[in-house]
Each structure stands twice: as structure tokens, then as C-alpha cells.
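*Asks:* Just need the structure, nothing else, for what follows:
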Amino acid sequence: MQNDHVTQVIVLDDDPINRFAMKRVLRKCECEVHEFDSVAAVLSFLDQHQVDFIFSDVRLPNAHGGEELLNIVNERKLGVPLIMMSSSMDNEMNSHFMAKGAVACLQKPLLRETCETLLNHIRKSLKNPTSTSGPI
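*Replies:* The predicted structure is shown next:
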């Protein structure tokens, strides 16, 4: 039996060029992409829709970066894997967001192969939560 579910993904980034690039990459990974430029818009969308993944820029104007969204996703127990992105992702930033509950931290720009590997790894982990498949 074929699974007809189309992976629903949110991309949160204040830069329209970054959103456009992410949308292109994720569509090649067979995802339906919903793009937003503010945490408030994402939260409004999540009030009425379910998604499979959220990709969030770390630095956003008028917010504490993607950290605000990460905190809200955790507080509301939404159960949506949140992937943090930055063009300047370093080990300290990576450790910080992973400790706060992000499932991955990625360097922008993202490549199709990176996204496919990551999405497949997370899907597998969600199907088998006791799996210890290790890092990507």
C-alpha cells in the first residue's frame, strides 16, 4: 500500500530569498512548503493546520530568533520536529538549540541531499522512538 501523505513543512525566515531557496530544495524532497516571515504568522497557521516539520532561521527581527518559536513549540507540546538554520551556525549555537529541543541545526544554504537525509532520519526516528541510530 502506497503512502499518499505529502510531508507538510513550515519554513520560517525573514529573508524572502532564503525562503525561496528553501522552498525549492524542500519541494525537490517532495514536501509541501508553507513559508512565513514571523513567529506570529507560524503560530496562527499552526492553530488551524498540522505540519510534519518546521525549519526556522535562528535570527529573526522582533523576536529572540527562532528560539522564541522553539520555546513555544515545547511549551504547547506540539510534537513538531524543529530544525534550526543559520548561515553562521557554530558548535556553541548548535549545542544550545539541541539542548533546548531542536532535532537538528543546519548551516545555510541547505542542500537537497542534506534535507533528504535529515527528513528520512527524523521520520525513521519518529516511527521507532527507541531506535539509537545515532547522528545523521
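*Asks:* for this structure, what spans make up the strands?
*Replies:* All strands of the chain, identified by DSSP state E, fall at 7-12, 31-36, 53-57, 82-86, 104-107.
*Asks:* To Met22, which of those lies closest?
*Replies:* strand 7-12 (4.6 Å; Cβ to Cβ). Every C-beta, even on glycine, is put in place using the N, C-alpha and C of the backbone.
*Asks:* That closest one to strand 82-86, inter-axis angle?
*Replies:* Relative orientation of strand 7-12 versus strand 82-86 (axes from the mean of the first three to the mean of the last three Cα atoms, to 10 degrees): 40 degrees.
*Asks:* Quick check: buried residues in strand 7-12?
*Replies:* Gln8, Val9, Ile10, Val11, Leu12 (16 or more other Cβ atoms under 10 Å).
*Asks:* Present these as JSON lines; the columns should include distance to Leu78.
*Replies:* Shown next, in JSON lines, are the buried residues of strand 7-12 (distance: Cβ to Cβ, whole Å):
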{"residue": "Gln8", "distance to Leu78": "13"}
{"residue": "Val9", "distance to Leu78": "14"}
{"residue": "Ile10", "distance to Leu78": "11"}
{"residue": "Val11", "distance to Leu78": "16"}
{"residue": "Leu12", "distance to Leu78": "14"}
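*Asks:* Looking at the residues you listed, which two lie furthest apart in space?
*Replies:* Top of the distance list for the buried residues of strand 7-12 (Cβ to Cβ): Gln8 and Leu12, 13.9 Å.
*Asks:* So for stretch 106-120, what gets flagged as buried?
*Replies:* Buried residues in stretch 106-120 (16+ other Cβ under 10 Å): Leu106, Lys108, Leu110, Thr114, Cys115, Leu118, Leu119.
*Asks:* Which members of the residues you listed are the farthest-apart pair?
*Replies:* Spatially, the most separated pair among the buried residues of stretch 106-120 is Lys108 and Leu119, at 16.4 Å (Cβ to Cβ).
*Asks:* about what we covered before: from the buried residues of stretch 106-120, pick the one nearest Asp47.
*Replies:* Leu119 (24.2 Å).
*Asks:* Name the nearest residue to the closest one, sequence neighbours excluded.
*Replies:* Distances taken as Cβ to Cβ, 6 or more residues apart in numbering place Cys29 nearest to Leu119, at 6.1 Å, with adjacent residues excluded.
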